[in-house]
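Participant: Quick one: sequence plus predicted model below, questions after.
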Amino acid sequence: MPAFDGGEDDRLAPVTPLFGAQPDAAAWHPAWRSDEQTEPETTRASEPASDAVADAERALLRRLRARQLSVSEARSFLLTGTSLERPQVDELIEEFGRRGYLDDAVLAEQLIHAATQRKGQGRRAIAQALSARGVPRDVSDAALGELPDDDAERALEFARTKARQLGRYDDDTALRRLMGQLARRGYPGSVAATAARAALAENRSGGGVRFR
């Protein structure tokens, strides 16, 4: 048996480190991560949710730039048009409310102004429009309570603008058509009839409808 002489040609087997000592950096595989290098699971899991909220916020802001929304409309948009869950939607709605971006009372005032000044609508039609936009009943009632009780005056103003267009019709047809237009704008039957008769009577002297 050859004697061991400890010459330079004799090489020792690699020594395995004990008690978890780190191997040489050159042999360290990137996949072997220490506890300090491990990213917390909660951080990684929260990133997609945070991105979804940011995307939803931008989408809602774009929608609000195009058209003022009620709280109900904004909530419906977020629930159907984004990936947010209901609790996230509620939090975002609250935040937009705090910023003043969503305010049902302000929306109600805007809708009433447009209805009375540009559309010549009556109280009943305005109430229906507010309900269709998702404005809560108590907010709608409060806003309508500030509206002057001038349905008769607004009905007459609207009827005057339309009476001149009915000159080619006989009396009964002109009255029926004008009352129908007033009713579609939310004026009660008695208000519509009074306004229509008055407008058509005023138009007689101008060579329009010969109203009896």
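Facilitator: Sure thing, it's come through. Numbers count the residues shown, from 1 in each chain.
Participant: State the helix or strand in which the residue nearest to the spatial centre of the chain lies.
Facilitator: Residue closest to the average C-alpha location in the chain (Cα atoms, centre = their mean): A74, at 2.8 Å. Taking DSSP states H and E as the definition, A74 sits inside helix 71-81.
Participant: buried stuff in that helix?
Facilitator: V71, E73, A74, R75, F77, L78 (16 or more other Cβ atoms under 10 Å). Every C-beta, even on glycine, is put in place using the N, C-alpha and C of the backbone.
Participant: Adding pLDDT and distance to L156, write those out as a markdown table.
Facilitator: As requested, the buried residues of helix 71-81 are exported to a markdown table (pLDDT from 0 to 100; distance: Cβ to Cβ, whole Å):
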| residue | pLDDT | distance to L156 |
| --- | --- | --- |
| V71 | 97 | 36 |
| E73 | 97 | 34 |
| A74 | 97 | 38 |
| R75 | 97 | 40 |
| F77 | 97 | 40 |
| L78 | 97 | 44 |
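Participant: Distance to A129 for the residues you listed - can I get that in CSV?
Facilitator: Shown next, in CSV, are the buried residues of helix 71-81 (distance: Cβ to Cβ, whole Å):
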residue, distance to A129
V71, 16
E73, 13
A74, 18
R75, 19
F77, 19
L78, 23
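Participant: Report the contact partners of Y187.
Facilitator: The contact partners of Y187, by Cβ atoms under 8 Å, 6 or more residues apart in numbering, come to G122, R124, A125, D151, A155, A195.
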